[in-house]
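Chemist: Just a sequence and a predicted model for now, questions to come.
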Amino acid sequence: MNRLSKIVRSAMPGTGMQFCKTAYGADGIRRFLRDVISLANASVSGNRYIVTGVEFDEKGQKRVQQIDRDDFAGNPPYQALVADFIEPPVRITYQHVSLEGKRVGVYEIGDCRDRPYMMRIDHSERLRRGDAYIRMNETAVKMGRRQLQELFAKKFREAVPADNIEIGFPGEIIHKDLRIETSDLSQLPSTLASAKLMQLMEIREKVKDSGATTVMARLTHARLFGSDSPYEDRNSDELAAEMSQIQHKHENEDRHYLFEEKVRNLQLVILNQGEDPIEDAALTLVMPNHDAFYVANQLPKRPKDDAFV
């Protein structure tokens, strides 16, 4: 207790030290969980502390307000709340010390070496599963995806030396390079349909300019579209409108061509040459942002009975 009393008397607000004017109580559970998570994720070494019943005025002087003894009786059960709502587990104790003859509360959070810490389940609409905070200076800031990824990456690097992990493509040995055949985009259904329609439009223009009969245009139509006659009675404006919608019309066919007919499945091999198992790891595949790469954001529809489903 003397150790905690010395810390409370001498400490100032900071990244690993938080002061609250009043106890959290039953109405402050959301704030309590947020503060514990933010301190657990703080970039400091050693234990972290929340002191209730103490605030600082504009001149930096401590003002002490006694905490009710009932707040230490286990209602609300602060330690149980941490165990129920926060992961990974956080070691936390709550006890009172005397400061200037008044009773104040001290939460001591054990050395947190398993960051990031976050909500394990929903508490409320404002504090949901997966929410994570980090204390920066004297403020709890909600963490974004990039910050979480950086913490996970740091955690993995510290857990498993990079020299022990080898990643590549399968074979008699793990290959670092893989050659993939390119797809001929001139064979996209929309491109083929566009080329046929363009030929028909060009023949019609030649017939129109030369004043010849429409026999050549009809023969061209029959050669391109067979016995079907989808465009035989269309005028030039209608054909131009059809051309502008050609990609949308053949979107499902194009996606099926790219992501089913011409797809190349990639298999990755991860070889752990160390003695420790890899746990809670994630693999990120980084690809160049280039027009030559086509990435599907959903599975392509499959053809069935002249339709895509």
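Modeler: Perfect, I can see it now.

Chemist: in what helix or strand does residue 84 lie?
Modeler: helix 78-85 (DSSP states H and E).

Chemist: Check which helices and strands the helix or strand just after that helix sits against.
Modeler: Downstream of helix 78-85, the first helix or strand assigned by DSSP H and E is strand 86-87. Strand 86-87 is packed against helix 29-40, strand 118-119, with contacts defined by 3 or more C-beta pairs under 8 Å, 6 or more residues apart in numbering; DSSP states H and E. (C-beta placed from N, C-alpha, C; glycine too.)

Chemist: Paired strands for strand 86-87, with orientation please.
Modeler: strand 118-119 (antiparallel) (DSSP bridges).

Chemist: can you pull the buried residues of stretch 62-69?
Modeler: 62, 64, 67 (16 or more other C-beta atoms under 10 Å).

Chemist: Other residues contacting that stretch?
Modeler: Stretch 62-69 has contacts (C-beta atoms under 8 Å, 6 or more residues apart in numbering) with 21-23, 52-57, 96, 99-100, 102-105.

Chemist: Can you flag the buried ones in these?
Modeler: 23, 52, 53, 54, 55, 96, 99, 103, 104, 105.

Chemist: In helices, which of those residues appear?
Modeler: Among the buried ones among the contacts of stretch 62-69, DSSP state H puts none in helices.

Chemist: show me what contacts residue 234?
Modeler: Per C-beta under 8 Å, 6+ apart, neighbours of residue 234: residue 242.

Chemist: likewise residue 266?
Modeler: 169, 178.

Chemist: all strands of the protein, in order?
Modeler: Secondary structure of the chain (DSSP state E): strands located at 17-20, 48-52, 54-56, 62-64, 86-87, 92-99, 102-109, 118-119, 133-136, 139-142, 165-168, 269-272, 303-304, 307-308.

Chemist: what about those, which gets the closest to residue 28?
Modeler: strand 17-20 (8.6 Å; C-beta to C-beta).

Chemist: Quick one: list the elements packing against that closest one.
Modeler: By 3+ C-beta pairs under 8 Å, 6+ apart, strand 17-20 packs against helix 29-40, strand 48-52, strand 54-56.

Chemist: Can you lay out the helices and strands packed on strand 86-87 as TSV showing distance to residue 241, mean pLDDT and mean neighbour count?
Modeler: Below are the helices and strands packed on strand 86-87 laid out as TSV (distance: least, C-beta to C-beta, whole Å; pLDDT from 0 to 100; neighbours: other C-beta atoms under 10 Å):
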stretch	distance to residue 241	mean pLDDT	mean neighbour count
helix 29-40	57	97	22
strand 118-119	53	96	20
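
Chemist: want to throw those into TSV with distance to residue 139?
Modeler: Formatted as TSV, the helices and strands packed on strand 86-87 follow (distance: least, C-beta to C-beta, whole Å):
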stretch	distance to residue 139
helix 29-40	8
strand 118-119	18
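
Chemist: Between the ones you listed, which one is closest to residue 90.
Modeler: Closest among these, using C-beta to C-beta: helix 29-40, at 5.3 Å.
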